[in-house]
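> show me the folded form of this:
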Amino acid sequence: MADSWYALTSSNISGFEEGNFNGDKGGFIELINSFMGKAVQVYGDRITNTPSTIRAIVQNRTADTPPNADQRQILTEIGKLQCGQYIKFDNRWWLVISLVDNNLVYEKAVIWYCNYTVNFKSPTTSTNVSYPVVTNNATQYNSGVESNKTMTVGSTQRLLFLPYNSETIEVDHDFRLLVDRRLSKPTAFKVTQVDTEQYDYDGYGVLRWTLVEDILRSTDDIVNMVADNTPTGDIGGDDDGGGWLDAVIAEGSEE
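Have a look, this model is predicted:
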């Protein structure tokens, strides 16, 4: 059979294939409208957009390992999803991270759980904006600090994923953010790399920012968790990094 499959004649075609195919599509619609499916809100590339509600099947909800616990697969009708969209269900934010494709019956995508919401002053409107993001620790093979004769400062690195849009694409190197659950003295970071290509699908997609730890400034708005992005030379006074210097005097610096 493997050597002669191409020799099959039209006598093996019943003429009802289109009807069977449409039946498959109809069966999937019935499935997502059953107890197997759930209502999902699709917001697009900003959480301030008006959402549309669709029915979908969310898979991989009972993962056994932590790396997979924050990832789901979502199945829905064709034409509903795009990479870089926010999705909300069960009162949680998710980000479509993969290329969305279909098998002519349903479309499928991979979504990641947004484990943090970052706030910053928009580079396009100068207003404070919020984005649920996927962030994880990228510090490897070091202690998380760098030392010299003057001070010891953090060297933590993070990766941060968020939707590509006309606002987020304007963020560039040295843009500062506050990323921390400790609201009394949060950790500041600055962007060192903006990857615009890896998750680019047909003009839609996700940006990946690489962050390195920075010094917390006295001018950072820790109440609203918005970092100050004023160039240090414009802050005034002797505060060139400023404020809470998350640092200690290195041993021997008084010599």
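> neighbours of Tyr199, just the number please.
Around Tyr199 there are 21 other residues, counting by other C-beta atoms under 10 Å. C-beta here means a position set from N, CA and C on the backbone, and glycine is covered the same way.
> wait, I meant Asn136
Counted with other C-beta under 10 Å, Asn136 comes out at 13.
> mind listing what the nearest residue to it once chain neighbours are set aside touches?
Nearest non-adjacent residue to Asn136, counting by C-beta to C-beta, 6 or more residues apart in numbering: Leu159, 5.6 Å away. The contact partners of Leu159, by C-beta atoms under 8 Å, 6 or more residues apart in numbering, come to Thr135, Asn136, Ala138, Arg208, Trp209, Thr210, Leu211.
> please name the bridge partners of the fourth one.
Listed by DSSP bridges, the beta-bridge partners for Arg208 are Phe161, Asp195.
> was I right about it contacting Arg158?
No. Using C-beta atoms under 8 Å, Arg208 is not in contact with Arg158, being 10.8 Å away.
> what is the rounded mean pLDDT of the host helix or strand of the residue nearest to Asn136?
Under the criterion of DSSP states H and E, Leu159 resides in strand 157-163. Across strand 157-163, the average pLDDT comes to 96.
> after that strand, heading C-terminal, what element do we hit next?
Going down the chain from strand 157-163, the next helix or strand is strand 176-178, by DSSP H and E.
> and the pLDDT at the closest residue to Ala63 other than its chain neighbours?
Distances taken as C-beta to C-beta, 6+ apart put Ala69 closest to Ala63, at 4.6 Å, once the chain neighbours are dropped. On the pLDDT scale, Ala69 is placed at 85.
> how close does Ala69 sit to Val40?
Separation of Ala69 from Val40 (C-beta to C-beta, to the nearest Å): 19 Å.
> same check on Ser98?
Counting by C-beta to C-beta, the separation of Ser98 from Val40 is 16 Å.
> ok, Thr62 next?
According to C-beta to C-beta, Thr62 and Val40 sit 18 Å apart.
> still on that earlier bit, can I get the strand holding Leu159 as PDB, trimmed to CA atoms?
Extracted C-alpha coordinates of strand 157-163, given in PDB (Å, rounded to 0.1, in the frame of the first residue of the first chain):
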ATOM      1  CA  GLN A 157      18.800  39.300  34.600                       C
ATOM      2  CA  ARG A 158      15.200  38.700  33.500                       C
ATOM      3  CA  LEU A 159      13.300  38.000  30.300                       C
ATOM      4  CA  LEU A 160      10.000  39.700  29.700                       C
ATOM      5  CA  PHE A 161       7.500  38.900  27.000                       C
ATOM      6  CA  LEU A 162       4.600  41.200  26.000                       C
ATOM      7  CA  PRO A 163       2.600  42.100  22.900                       C
END
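> show me the shaky parts of the protein.
1-24, 140-155, 233-255 (pLDDT under 70).
> and it, what are its domains?
When the chain is parsed with automatic domain parsing, its domains come out as 16-113, 116-249.
> out of the contacts of Leu159, flag the one nearest to Phe175.
Phe175 lies nearest to Trp209 out of the contacts of Leu159, by C-beta to C-beta, at 8.4 Å.
> from Thr196, how far off is the residue lying closest to that closest one once chain neighbours are set aside?
Sequence neighbours aside, Leu160 is the residue nearest to Trp209 in space, at 4.4 Å (criterion: C-beta to C-beta, 6+ apart). Using C-beta to C-beta, Leu160 is found at 14 Å from Thr196.
> okay, the two: which has more neighbours?
Shown here are Leu160 and Thr196; by other C-beta under 10 Å, Leu160 has more neighbours (21 against 13).
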